[in-house]
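> Predicted coordinates and the sequence they were generated for:
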Amino acid sequence: MQSTFSILFYPKGNDIDKNGNSPIYARITVNNKRSEFSIRRKVSLSKWNSEAGTIRGSSSEVGDFNKYTAAIRIKLHKIYEKLLEEDIIITSAMIKNIYLGKNIKHKMLLEIFQEHNDKVENLIGRDFAAGTAERYRTAKKHIGEYILKEYGNDDIPVKDVDHTFITGFEYYLKTTRNCSHNTAIKYITNFKKIIRIAYANDWINKDPFVHWKAKLKIVDREFLNESELQVLVEKDFGIPRLDQVKDVFVFSCFTGLAYADAKKLSSDNIILDISGERWIKIKRSKTDTRSSIPLLAIPQAIIEKYAESPETASGNLLPVLSNQKTNAYLKEIADLCGIKKNLTFHLARHTFATTVTLTNGVPIESVSKMLGHKSLKTTQHYAKIIDKKVSEDMKALKGKLANYSNMENASTNV
């Protein structure tokens with residue numbers, strides 16, 4: 001709705017201090033109705049130019065003041081223009097309150113985070129995996145604890161998040177929470193999505209992550225070599241809980257299934273091809289991508305072993321314990337097998353990618369499809385591990401061949 005609009009800066013002549021300085025006010029007039037507010041600056045009345053609404057002079061102080069009033073004028077005009085676009089009745093008081101932030105209910109950071117997490121929870125099994133929802137819950141928990149520690153508040157307006165907040169949160173994760181570099185970066189990346197939501201909804205004017213770059217450190221992933229895997233396959237503990245965990249772990253070593261996928265594996269995921277060969281066809285819980293894995297003899301035997309077991313009566317093919325218990329028992333299994341590596345369930349997936357497949361000449365494209373990777377780049381990291389192993393083996397070979405060189409030199413000198 002069209003209206004008349006003007007801005008005037010003027011000194012309060014009846015409020016002069018002992019130095020002859022008067023406070024400056026901004027007057028907004030809309031349809032002949034005024035609203036005023038102090039701009040929190042004082043000037044000498046002798047320097048005031050009432051026609052221009054500025055002060056006279058050429059000093060840096062004069063320049064700074066005039067730039068300050070010009071910035072206020074520009075901001076007030078922008079507010080007015082935005083209200084015009086909304087086609088509402090505009091008042092001078094409305095413009096003043098928007099400028100001073102009095103009528104704005106700031107969106108709070110943790111409130112936005114919780115709204116996002118609630119949506120993720122409701123979409124588990126469709127757009128998100130349970131593990132993804134858990135990571136967002138943990139990221140929000142860490143943000144809440146950081147705000148309480150650093151700001152002494154339960155929450156802060158999302159507009160207060162800046163580069164200092166982000167780097168401070170990263171430092172908090174690495175020190176107070178004792179997170180590794182990569183774990184800290186992943187939590188910040190979860191937090192980054194919340195800020196992008198705020199930016200997309202115009203709850204903040206700029207993206208504070210513009211100058212923050214995520215740099216994950218490349219970590220060499222451990223895996224069982226052929227001899228370690230052989231020891232594990234042949235080991236009979238005589239203790240049901242350890243044999244059960246070992247069997248599920250070995251199953252993953254020969255299929256590449258992650259813990260969540262091994263736990264939900266059912267007969268519906270076993271498919272016969274036209275030649276009668278069995279395949280595991282399953283959507284990964286983590287990425288929702290499809291894995292297609294030929295069922296080798298060892299994992300087939302493990303499925304048959306537990307076919308009539310009470311632990312698989314619920315319809316799942318494997319007797320998978322909780323993740324916590326599984327990894328705890330794997331530490332015990334490693335000690336009993338003389339394996340010095342940090343045995344976790346996920347190490348089985350690495351073992352499948354390296355020792356079972358790539359080392360035996362399976363093309364990396366096939367390995368990537370079996371692992372259910374979205375990008376071949378993810379699988380290529382395992383190939384780098386194999387290259388490193390080849391390099392180490394060749395160095396050992398060079399040492400052995402050096403003896404031949406010494407023998408040749410000795411025969412030449414005779």
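Alright, I've got the coordinates.
> Can you point out the buried residues in stretch 12-25?
21, 22, 24, 25 (16 or more other CB atoms under 10 Å). All C-beta spots, glycine's among them, are computed from the backbone N, C-alpha and C.
> again with stretch 262-274
For stretch 262-274, by 16+ other CB under 10 Å, it's 262, 263, 264, 265, 269, 270.
> for stretch 67-83, same thing?
Per 16+ other CB under 10 Å, stretch 67-83 contains these buried residues: 69, 72, 76, 79, 80, 83.
> Equivalent analysis for stretch 161-174, please.
So, applying 16+ other CB under 10 Å, buried residues of stretch 161-174: 161, 165, 166, 169, 170, 172, 173.
> tell me which of those residues is nearest to residue 306?
Proximity of those to residue 306 (CB to CB) peaks at residue 173, which lies at 40.6 Å.
> Keep only those of the buried residues of stretch 12-25 that are in strands.
Among the buried residues of stretch 12-25, DSSP state E puts 21, 22, 24, 25 in strands.
> sorry, back to before: kindly indicate which of the buried residues of stretch 262-274 lies nearest residue 300.
For the buried residues of stretch 262-274, the nearest to residue 300 is residue 270 (9.3 Å; CB to CB).
> From residue 318, how far off is the residue nearest to the closest one when sequence neighbours are not counted?
Distances taken as CB to CB, 6 or more residues apart in numbering place residue 278 nearest to residue 270, at 5.7 Å, with adjacent residues excluded. Per CB to CB, to the nearest Å, residue 278 is found 15 Å from residue 318.
> Have a look at those two and say which one is more surrounded.
More crowded of residue 278 and residue 318, by other CB atoms under 10 Å: residue 318, with 23 against 15.
> so who does residue 382 touch?
Residues near residue 382 by CB atoms under 8 Å, 6 or more residues apart in numbering: 221, 350, 353, 354, 358, 364, 367.
> got it, and residue 299?
Residue 299 touches 250, 251, 254, 255, counting by CB under 8 Å, 6+ apart.
> in this structure, which spans are strands?
According to DSSP E, the strands that the chain contains are 5-11, 21-30, 33-44, 48-49, 54-55, 270-272, 278-283, 290-294.
> who wins for proximity to residue 127 among these?
Of all these, strand 278-283 comes closest under CB to CB, at 12.8 Å.
> now the chain, which segments are flagged as low pLDDT?
Along the chain, segments meeting pLDDT under 70 span 1-2, 103-105, 218-220, 384-393, 396, 403-414.
> how does it divide into domains?
As given by automatic domain parsing, the domain ranges for the chain are 5-100, 109-200, 226-390.
> Output those domains as JSON lines; include the columns distance to residue 210.
Output for those, formatted as JSON lines (distance: least, CB to CB, whole Å):
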{"stretch": "domain 5-100", "distance to residue 210": "22"}
{"stretch": "domain 109-200", "distance to residue 210": "8"}
{"stretch": "domain 226-390", "distance to residue 210": "25"}
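> Please name whichever of those is nearest to residue 217.
Set against residue 217 and scored by CB to CB, the domains of the chain come closest in domain 109-200, at 5.4 Å.
> Between the two ends of that closest one, what distance do you get?
In domain 109-200, first residue to last residue: 14 Å (CA to CA, to the nearest Å).
> what's the answer for stretch 213-231, then?
44 Å.
> How about stretch 98-117?
OK, stretch 98-117 end separation, CA to CA: 31 Å.
> Okay, buried residues for that stretch please.
98, 99, 107, 108, 109, 110, 112, 113, 114, 116, 117.
> Now do the contacts for residue 11.
With CB under 8 Å, 6+ apart, residue 11 has these contacts: 22, 23, 24, 25, 43, 45, 48.
> The fourth one - nearest residue in space that isn't next to it in sequence?
Ranked by CB to CB, 6+ apart and with sequence neighbours excluded, the top spatial neighbour of residue 25 is residue 36, at 5.0 Å.
> ok, residue 284 - how many residues close by?
Residue 284, neighbours per other CB under 10 Å, totals 18.
> Just confirm it contacts residue 262, I think it does.
No: using CB atoms under 8 Å, residue 284 is not in contact with residue 262; the gap is 11.2 Å.
> ok, back up a step: want to throw the ones in strands among the buried residues of stretch 12-25 into a markdown table with distance to residue 6?
As requested, these are exported to a markdown table (distance: CB to CB, whole Å):
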| residue | distance to residue 6 |
| --- | --- |
| 21 | 26 |
| 22 | 21 |
| 24 | 17 |
| 25 | 14 |
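> Which one of the residues you listed is nearest to residue 63?
Closest to residue 63, out of all of those and judged by CB to CB, is residue 24, at 15.7 Å.
> In helices only, show me the buried residues of stretch 98-117.
98, 99, 109, 110, 112, 113, 114, 116, 117 (DSSP state H).
> Need the max-distance pair from the residues you listed.
99 and 117 (34.2 Å).
> how much space between the residue nearest the centre of the chain and residue 141?
In the chain, the residue lying closest to the centroid (CA atoms, centre = their mean) is residue 189, at 2.7 Å. Look at residue 189 and residue 141: by CB to CB, they are 16 Å apart.
> Repeat that for residue 93.
Separation of residue 93 from residue 141 (CB to CB): 42 Å.
> One more: residue 31?
Residue 31 is 51 Å from residue 141, where distance means CB to CB.
> cool, residue 242 as well?
Taking CB to CB, one finds residue 242 at 34 Å from residue 141.
> Which of the two has more residues huddled nearby?
Using other CB under 10 Å, the more surrounded residue of residue 242 and residue 141 is residue 242, with 17 against 13.
> shouldn't that one be in contact with residue 333?
Yes: when contacts are counted by CB under 8 Å, residue 242 is listed as touching residue 333 (5.8 Å).
> For the closest residue to residue 143 other than its chain neighbours, which residues are in contact?
Spatial nearest neighbour of residue 143, excluding adjacent residues (CB to CB, 6+ apart): residue 191 at 6.1 Å. Going by CB under 8 Å, 6+ apart, residue 191 touches 113, 139, 143, 166, 169.
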